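Enquirer: sequence and predicted structure, then a few things I'm wondering about:
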Amino acid sequence: FPYLDSPSHFGSLLDENQGGRFQIMPQGDFRSEQRYLQRTHILETLFETPHGRAILTDWMPMDELLKQDPVIFRRVEVIDGKITWQMTCSPRFEYGLHPGQAEQRRGGIMFRGATPSELAQLRSETPLEISANGSAVTSRFTLEIGEHANFTWAWGRRANLPETPSPKATAEYWRGWAHHCSSSTPTGCLFAGPWHDAVSRSALTLKLLSSAHSGAIAEAVTTSIPGRAGSSRTWDYRYAWVRDGAMAIQALAHLGYRDESNEFFLWLNDIIARDGAEGLQPVYRLDGGKSLNERELPLLSGYQGSKPVRIGNQSSRQFQLDIYGHILIAATEYYKIFGELPSGLWPRLVEIADYVCQAWRRPDHGPWEIRDKPEHYVGSKVLCWAALDRAIWLADNVDEEIPNRWREERKILHKTICLQGFDDHLNSFVRSFG
């Protein structure tokens, strides 16, 4: 908080004891399930207890996010019976390293960490009690049918925290953005079929991963969640991978989201203008920062015991050839859909194509980001061929000159891939040359 790649405030997913939490739950036995409000990112948690039923709603208003620092609103409402609740707020700044110290303020609680940037505020409509050591705030309250209680969590120092609004405006924002088509004519939709709703939800997820401030697209919302519980492959993916961003933009462009596509290309354009094609990293911070120094956090036990917990990602220092092909493919798809390229992008694409003409002969770490010596990965060579092929196609369509070298190197690449990247015995392309 406040950004996806910022240090955490509540990290209990990575350590129930040391990570910090903001928990609202019924006292005693209960069952719960979660869902997103249809075609939104408003989260509802449904509680069922022996004494009644309730809904906890969590949302972040988009107008607040675009105007200033983000705010989280939480509302618990009893829809049947009478339920007693326990709220616990115990932030741990800097990934659990710095417990917050609570101070009573007019209208709520201020939590301070060890540095000036570690500052957040809690407001509640229920009575709050600060723990003896000052690192947690609790509240015990009872609600009957039709009653609700609101809580607000905001980053930084605000003179006045906003009043808790209805989530209606946020729901309208997401539903206005989300892909929609006439259910009466499903065959008229490009994504008609059994996966239509999954495609729509995936687009909403890509939007959620997009930075409202820079246009970059993060790969994940948290760090150190492995593909299998207990695995040590606990990488930090909260950053903007050029490869994945380019593929995400293709998906969004096919859904007609031109603004998001433009914003990503503007971000990428600025990155290439600053770093040059030769200096392009595989991954950046969401604000375009280059420093992603990787380190482990031994204090945290990890998701379901999956250690180590990592922040940063050393793949930012790797040489990965395939990113250039993904950029040119995404630009080509954009042109095919919208009939033009984003303003100022063509000179950057020329720079990339020129660089690929000589760089493709180098070994790289490949799209799998193998933490070993570079190899001549076949997939990387194919994406270099694609970069030149798409650059030639685009130049022809935007009436720009096509350098002979692009055609020559494309031909050499094709021949090299077929000769060194294909195994006649296996009748298959292989992972790397040799």
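Expert: All right, it came through fine.
Enquirer: where does the protein have its least confident helix or strand?
Expert: Lowest mean confidence among the helices and strands of the chain (mean pLDDT, DSSP states H and E): helix 62-67, at a mean of 62.
Enquirer: mind saving the C-alpha coords of the helix or strand just after that helix as PDB?
Expert: Proceeding N to C from helix 62-67, the next assigned helix or strand is strand 71-90, under DSSP states H and E. Once non-C-alpha atoms are left out, strand 71-90 reads as follows in PDB (Å, rounded to 0.1, in the frame of the first residue of the first chain):
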ATOM      1  CA  VAL A  71      -8.600   4.200   0.400                       C
ATOM      2  CA  ILE A  72     -10.100   0.900   1.400                       C
ATOM      3  CA  PHE A  73     -13.700   0.800   2.600                       C
ATOM      4  CA  ARG A  74     -15.200  -2.100   4.600                       C
ATOM      5  CA  ARG A  75     -18.900  -2.400   5.500                       C
ATOM      6  CA  VAL A  76     -20.400  -5.200   7.600                       C
ATOM      7  CA  GLU A  77     -24.200  -5.500   7.500                       C
ATOM      8  CA  VAL A  78     -26.500  -8.000   9.200                       C
ATOM      9  CA  ILE A  79     -29.200  -9.300   7.000                       C
ATOM     10  CA  ASP A  80     -30.800 -11.800   9.400                       C
ATOM     11  CA  GLY A  81     -30.700 -12.200  13.200                       C
ATOM     12  CA  LYS A  82     -28.200 -10.500  15.600                       C
ATOM     13  CA  ILE A  83     -24.400 -11.000  15.500                       C
ATOM     14  CA  THR A  84     -21.600  -9.900  17.800                       C
ATOM     15  CA  TRP A  85     -18.400  -9.000  15.900                       C
ATOM     16  CA  GLN A  86     -14.700  -8.700  16.600                       C
ATOM     17  CA  MET A  87     -12.500  -6.300  14.600                       C
ATOM     18  CA  THR A  88      -8.700  -6.400  14.800                       C
ATOM     19  CA  CYS A  89      -6.400  -4.000  13.000                       C
ATOM     20  CA  SER A  90      -2.700  -4.600  13.500                       C
END
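Enquirer: what does the helix or strand just after strand 71-90 rub up against?
Expert: Per DSSP H and E, strand 71-90 leads on to strand 92-93 as the next helix or strand towards the C-terminus. The contact list for strand 92-93, computed with CB atoms under 8 Å, 6 or more residues apart in numbering, reads 7-11, 18-20, 98-100, 113-115, 118. No exception for glycine: its C-beta is placed from N, CA and C like everyone else's.
Enquirer: wasn't residue 389 part of a helix?
Expert: Yes - counting by DSSP: H, G, I helix; E, B strand; the rest coil, residue 389 is part of a helix.
Enquirer: neighbours around it, how many?
Expert: By other CB atoms under 10 Å, 20 other residues sit near residue 389.
Enquirer: wait, it sits on residue 410?
Expert: Yes - Residue 389 lies in contact with residue 410 (CB atoms under 8 Å); the separation is 5.9 Å.
Enquirer: and the nearest residue to residue 99 once chain neighbours are set aside, how many neighbours?
Expert: For residue 99, ignoring the flanking residues on the chain, the nearest one in space by CB to CB, 6 or more residues apart in numbering is residue 135 at 4.2 Å. Using other CB under 10 Å, residue 135 has 17 neighbouring residues.
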